[in-house]
Every structure is written in C-alpha cells, then in structure tokens.
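> Sequence unavailable; structure follows:
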Ligand SMILES: O=C(CO)[C@@H](O)[C@H](O)CF
C-alpha cells in the first residue's frame, strides 16, 4: 500500500474531565486524525467515575495525576501503532480542565528534563508528585478558604474586580490554600504548581511550562487588567507561592520546542514548537472562532456559556478571563455544573435510557411546556448556588413530580432559560446578528438545539466536531507559529470550516419565552431565598 502522503499539521490536545483527546489539523485546517483515551473505560485500575473520585464528604473531588500521565502514554502509543507520521507536526498546543492543580515534588524537574525514550512517561514520573490525587473543578470543599481570600482583599466584589471572579471553591488559589493548610508537608515539598493545562504542556516540553493568562484567570490569583499575579491574593493563599507558580505568559506564546523524549521515541521533529496550553473553555472559544455578539454554549460534563467582551465587567456571578486569542480582550464564562450528567440522569429516569425517546418527548411537548417549570440540580449548582430538584406548575405551585415527557422538556427549557437569564445578568444582550454556537456531546441532538434556539430567539449553529477544545488548541498552535508577525487569530483560522446552521427559532417562540423567563427568574430567586432562609 502506498505510503500516506506527508501532511504538515498541528496537534490539539484536551486533558478533559473524562478523557484525553487529540486531533491533527492540516494546513488547510481540516481535521484528519482524532483519537481519545477514556479514563473510566481504558484505565480501570484508577477506579474513577466520570474521570474523578468524589470523596466521602461529598464535597472533595479529585483525579489521579498518574492517570492523566498514563492516558498520554496510551494515546501516543495508539497513534504510533496506527502509523501516524509525527515528523509532520509543526507545532502542538492543548487544553486542560480549568482550575485543577498539579503539585510537582522537589527534584521532579530533573526527571522531566531527562526522560528516557525507552520507557513510558508514567514509568518515570511515578515519584514526581507531592500530591497524587489532584483537586479538580468539581470540588466544592474550600468554602472557608474562599471567605479568607475575599476578606484579605476587601470582599467578594473587590476580588472579582481584581481577578475577574469572586472566590469560587473550584478556583485554584483556594485549592492551594487548602493544601497548604491541611497538608503543609506536601506543600513544602512542592517545587512547582501547574494547572492541568500547563502540566500537560510540561509533559511535552520536558520542563515546567508557564501558566497562560487565560487559564490563569481561573485561579483567583491573576490581576486580569495588567496580567500579573496579585501579591495580595498570593499572600492570602500560601507562602512562597509566586516562585512555585512561575510567571504567567500570553496565551499565544511559544513556550519552547518539544522534548527530545518525543523526538527519539515517536519521531517528532526537533523543531516542533509547543504553544502555551490553556483552559478547555478558552480553547473551545478558539475552536468555535467566537465573534463579537455571539454566544458559545459548550454542552459537556458541565454546561458552559461564554461571551466575547471588549471590556471586562466583573460581577459576583460568572467569570471574566483574559481572551485566549486576543491579548487586549476578554471572555466571560458562566458555568453550570449540572450539565450532561444531569441530562443523562433524566434520560435514564424518564426516557428509558434512550436519547431517541428523549427526543420524542421534546417533539411531543409544546414550547413553554404548559407553564410547567423545573430546576434540576443533583449536585450543588454553581449558577446559582442551589441543590435539589424543584418543579412548579403554571400556577407556580411546587409539585414533587411531572409526567415523563413534561419532565424532559422542563429540564431542557430550564437549563437554557437559566443560561439566558444569567448571561443577561453579565450585561449580555442577543443582537440581530447573534449566532449561538453549540458544541459538546448534547450538540448532536437536534431537538435539544431547537429548544436552545427557541429560548434565546437566535439561530443555533454547530461546528462539525464536538472536540472544540482540541480543534481550538490546534488552531492556537498555528497561531503560535505566526507569533511575531502580528497576524490576528481570525486571519490564521479563516480557512476553517464554517459552522453549520442546526436550528432557527420557531415562530412565536420569543413571545412564549419572554413571559416564561420572567417567571423562571422569580422562581429561582424564591428557591434561593428559601434555601438561604428556610421557613421556621
Ligand atoms: O469549572 C469549569 C469552568 O470554570 C468547567 O467548565 C471546567 O473547565 C470543566 F473541565
């Protein structure tokens, strides 16, 4: 069989909650290779569920760092066995689940810089981590540390104005503070602290990669205006923290060339560049080539809504991050923890575990669901902070159950109405040119996207892969290669496939949802008040 033609390309990686994924993108920006390793399925020995361990307290959530390392070994060996030509890779970049943190033990840098090509990564890095079970974004055990940090800088709004967010339990500064307070020995034996993104970049670099401005904005530690660490926040979290973090760098930075380990073991070119890795959501924004006025909706483990902002408007809700593709601009993020895992639960309970039945329920129920409204938060929700399931009839009477098909529509309409209400809370408004760009697993379900179009009153487009974080990372790798030329990201990616129109608003939708959205907002406030001040 003829040798496959050489194909210059960039790789885009995603170290996400449930798997490690990679795509190869050629110079015409076509994706020609995809692969993934699923933690629960392919690394059974770590015993994760959804890629994580939820601890007995129900609040602490971690993932084993060596599982992530071993997943990279497996995927590289799969690519090698498939005959992938690594010598054609011009550059690579990647993404990691945001906020998670990795703790490199003193001396680990010597191992990282002298990896032996005859051995796998996980065989060499076993003893390189002072914390082996890394805190990840689903953790909500650091409320005390959040209050301490806010108090240290003058309150929640002051912290939001400084770092783009008030203190959130999953944000890395608070997680580091907890480790310093509860595991001081481990903290003192830590020579470097990475995010999941910069940890993954370090594996390819063969040395510690710096944290980028965009993912660094998810730590409650970086001043988003002048993009340097806040001395007040560092001091409030842990001592000697700045030296353990290293300086943060612009997200489009080339942080070095690939480690010789990959040249000798896999045949990468020694000239292959590593472009700073970033968070999965900033990478998704890049992958969807978000433009001003658009909304991006990533329907994944967590549902995330992000907006492009010229000027940050930090608030007590949502997050402002430095843009991953434009050093002058920002992105706003709203994270909804009860995403695909919640949809899967309701599918199992009310649609016989079948997406086909789930879709039929959406098709057979009317827009507005006869006035029935639902809030479905099986884990403590982030936006807003509510837990539990709350159902209301058209008369705003709370009930304990809905018929199956009503339940399914109440879940999906509720999830999207929450997104619209909270996006508008950040000052966002749907514009005539607005496109909703959808990605993530649920973006394959056209009936779910129809509800999204109806609730927002705007057309919904999908990109041709759910791997938006991977594809965005490959695009950013190409952009990194153009660093120094001043070429904007939009110019680098103009050849990329255009998003495909998937759903347009049903006639009459805006009238129905205008009224329903007001009721939803009032009921959400009612639940919040009840849960904060339960009746005597
Ligand atoms: O916490 C989040 C963003 O703030 C999540 O979207 C994680 O990035 C998912 F990995």
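Perfect, I can see it now. Not measured: the values here are computed from a predicted model.

> In a strand, residue 138, correct?
No: following the definition DSSP: H, G, I helix; E, B strand; the rest coil, residue 138 is coil and is not counted among the residues of a strand.

> And it, its phi and psi?
Per-residue torsions, residue 138: phi -80, psi 0 (degrees, to the nearest 10).

> Share the number of residues neighbouring the residue lying closest to it once chain neighbours are set aside, please.
Here the nearest residue to residue 138 in space, its sequence neighbours aside, is residue 61; by C-beta to C-beta, 6 or more residues apart in numbering that works out to 4.1 Å. For glycine as for every other residue, the C-beta is placed from the backbone atoms N, C-alpha and C. Using other C-beta atoms under 10 Å, residue 61 is surrounded by 24 other residues.

> before we move on, what about residue 116?
Here the count is done by other C-beta under 10 Å, and residue 116 has 12 residues near it.

> now do residue 415
Around residue 415 there are 25 other residues, counting by other C-beta under 10 Å.

> can you check residue 54 too?
By other C-beta under 10 Å, the residues close to residue 54 number 16.

> does the lowest-mean-pLDDT helix or strand in the chain come close to the ligand?
Counting by mean pLDDT, DSSP states H and E, the chain has its least confident helix or strand at strand 303-309, which shows a mean of 85. Yes: Strand 303-309 comes into contact with the ligand when judged by C-beta under 6 Å from any ligand atom, the residues involved being residue 304.

> and the residue nearest to residue 138, what does it touch?
Contacts for residue 61 were tallied using C-beta atoms under 8 Å, 6 or more residues apart in numbering; they are 52, 53, 54, 55, 135, 136, 138, 139, 140, 141.

> Report the buried residues of the strand or helix carrying residue 529.
Mapping residue 529 onto the secondary structure by DSSP states H and E places it in helix 509-532. Residues of helix 509-532 classed as buried: 509, 510, 512, 513, 516, 517, 520, 521, 523, 524, 527 (neighbour count, 16 or more other C-beta atoms under 10 Å).

> do stretch 284-295 as well
Using 16+ other C-beta under 10 Å as the test for burial, stretch 284-295 gives 284, 285, 286, 287, 288, 289, 290, 293, 294, 295.

> same deal with stretch 355-368?
Taking 16+ other C-beta under 10 Å as the neighbour-count basis, stretch 355-368 is seen to contain the buried residues 355, 358, 359, 361, 362, 365, 367, 368.

> Check stretch 30-39 too.
By neighbour count, and taking 16+ other C-beta under 10 Å as the criterion, the buried residues in stretch 30-39 are 31, 33, 35, 36, 37, 39.

> How far does that stretch sit from its chain's centre?
The gap between where stretch 30-39 is centred and where its chain is centred comes out at 18 Å by C-alpha atoms, centre = their mean, to the nearest Å.

> Use 48 as the first number for this chain going forward.
Taking 48 as the first residue, the last one we looked at is stretch 77-86.

> Now do the same for that stretch: mean pLDDT, whole number.
In this model, stretch 77-86 carries a mean pLDDT of 96.

> What are the contacting residues of it?
Stretch 77-86 is contacted from outside by 54, 56, 65-73, 90, 93, 95, 98, 110, 114, 118, 121-122, 125-126, 129, 131, 512, 514, 517-518, 521, 544, using C-beta under 8 Å, 6+ apart.

> Many thanks, we can stop here.
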